[in-house]
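Chemist: structure of the sequence below:
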Amino acid sequence: MIPYGRQDLNTADIEAVVSVLKSDNLTQGPQVPLFEANICRETQANFAVAGNSATSMLHAACLALGVSKGDIVWTSPITFVASANCALYCGAEVDFVDVDPSTANMCPLALERKLIQANRLGILPKVIIPVHMAGHSCDMQAISKLVKPYGIKIIEDAAHAIGGRYADMPIGSCQFSDITVFSFHPVKIITTAEGGVATTNCLRLSQAMQSYRSHGITKSANEMLRPDEGDWYYEQHNLGFNYRMTDLQAGLGNSQITRLSEFVAKRNKLAKRYQLLLHKLNIKFINPIEHCHSAYHLFIVHLPADIDRKSVFNLMRLAGIGVHVHYFPVYLQPFYLQKSFLPGHCPGAEAYYSHCLTLPLYTELTESEQDFIVTNLTKILGS
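Modeler: Next comes the predicted model:
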């Protein structure tokens, strides 16, 4: 089976992990701060805080921005459930801003309408979480301009987008947001096996996320109530969590990040080749907006409206091609239906979901495998 995505590991990656295994620091050692420094270099952000998953860092980011019971957080309905769940972890309520079906990203026009209505009703969100679907940046400049008058904070869910660029800056620079969160799951652009990082340009937010990722504990004497207690002493200042990244994970990340630009270039080359091979078919592509250089985590097509997507999916899988669907609208998940969300809440998201299909895309995908994928899809759509 050709998978829809997979990690790209080489000998240097393996040697990096083995080197950590042979060291004295398997959990909290020098590799984690080095990885954070490498992320800052790649994103041009002032601070980076590494954690054990992007989900954990989304939660920590919400906490750092003061999200709590009684607050509202808005995000995209076309995303993995973690983008919404992180608000619920804080006791807040969550709602969804519709997407543009052609990009699968948060629609600025839908956001503007929702903000006007929410302001009139007195139910504005505290935080908004745009999601860079498939590695394509949202229109962050437009989103920032819309929410700024209301004092709403922004977390970019860039789980798909490390190595991408928007408005001549790396995604993660936080030029139009307070915090950006990346994922390093094996199918993402680079991997730490599991892991996530939050970037920010605010020292206070970085310190808060550092605290929340490690039980709310500090060993800094200048932060302690009892600084003279002894070198063994630590203090818990808030209810934090064990969201720390290990040195094993960071060691792998430090090796992988040296090939980040290479990985993104390969993904873009394969995406362009898909477009050339598929241009004669009656399908549309989910493309990045202007001023965005995508990381191309996913290659997503829109099948014609008269095509049975499930049949195409099943036939492609029978041919050994691991197509996928990203994503079912979050508010239609059974858990969220219990919160009184109904079909039709975000028509653009439902229109997008009804015809989307993800084709395999990863750095080691060969041209012959890509030809096989396109040949089978062409045959199935023509039958």
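Chemist: residue ranges with poor pLDDT in the stretch 251-383 of the chain?
Modeler: For the stretch 251-383 of the chain, the stretches flagged by pLDDT under 70 are 383.
Chemist: all helices of it, in order?
Modeler: Counting by DSSP state H, counting those that start in this stretch, the stretch 251-383 of the chain has helices at residues 260-278, 309-318, 334-337, 347-355, 367-382.
Chemist: for the longest one, packing partners?
Modeler: Spelled out, that is helix 260-278. strand 284-285, strand 299-302, helix 367-382 (3 or more CB pairs under 8 Å, 6 or more residues apart in numbering; DSSP states H and E). Every C-beta, even on glycine, is put in place using the N, C-alpha and C of the backbone.
Chemist: partner strands of the second one, parallel or antiparallel?
Modeler: This points to strand 299-302. Strand pairing for strand 299-302, determined by DSSP bridges: strand 284-285 (antiparallel), strand 356-359 (antiparallel).
Chemist: so which of the helices of the stretch 251-383 of the chain is nearest Ser294?
Modeler: Ser294 lies closest to helix 260-278 among these, at 6.9 Å (CB to CB).
Chemist: that closest one to helix 367-382, inter-axis angle?
Modeler: 40 degrees (axes from the mean of the first three to the mean of the last three CA atoms, to 10 degrees).
Chemist: pull out the buried positions in helix 260-278.
Modeler: Leu260, Phe263, Val264, Lys266, Arg267, Asn268, Leu270, Ala271, Arg273, Tyr274, Leu277, Leu278 (16 or more other CB atoms under 10 Å).
Chemist: got it, and stretch 276-288?
Modeler: So stretch 276-288, judged by 16+ other CB under 10 Å, has buried residues Leu277, Leu278, Ile283, Lys284, Ile286, Asn287, Pro288.
Chemist: now, which of these sits nearest Val94?
Modeler: Distances from Val94 to the buried residues of stretch 276-288, taken by CB to CB, are shortest for Ile286, at 23.9 Å.
Chemist: got the domain boundaries for this protein?
Modeler: Domains of the chain are assigned by automatic domain parsing as 11-259, 260-382.
Chemist: Throw these into TSV and include distance to Pro3, thanks.
Modeler: Converted to TSV, the domains of the chain look like this (distance: least, CB to CB, whole Å):
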stretch	distance to Pro3
domain 11-259	8
domain 260-382	4
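Chemist: so which of the helices of the stretch 251-383 of the chain gets nearest Gly216?
Modeler: Proximity to Gly216 (CB to CB) singles out helix 334-337 among these, at 27.7 Å.
Chemist: show residues contacting the closest one.
Modeler: Ala84, Val330, Tyr331 (CB atoms under 8 Å, 6 or more residues apart in numbering).
Chemist: could you rerun that using 10 Å?
Modeler: Here helix 334-337 makes contact (CB atoms under 10 Å, 6 or more residues apart in numbering) with 77, 81, 84-85, 88, 94, 96, 329-331, 341, 343, 345.
Chemist: from the middle of its chain, how far away would it be?
Modeler: 22 Å (CA atoms, centre = their mean, to the nearest Å).
Chemist: picking that back up, just the helices and strands packed on helix 260-278: most buried one?
Modeler: Comparing the helices and strands packed on helix 260-278 by mean neighbour count (mean count of other CB atoms under 10 Å), strand 299-302 comes out on top with a mean of 22.
Chemist: send the alpha carbons of that one over as PDB?
Modeler: These are the backbone C-alpha positions of strand 299-302, laid out as PDB (Å, rounded to 0.1, in the frame of the first residue of the first chain):
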ATOM      1  CA  PHE A 299      -2.200  17.200  -1.700                       C
ATOM      2  CA  ILE A 300      -6.000  17.500  -1.700                       C
ATOM      3  CA  VAL A 301      -8.300  17.400  -4.800                       C
ATOM      4  CA  HIS A 302     -12.000  18.200  -5.200                       C
END
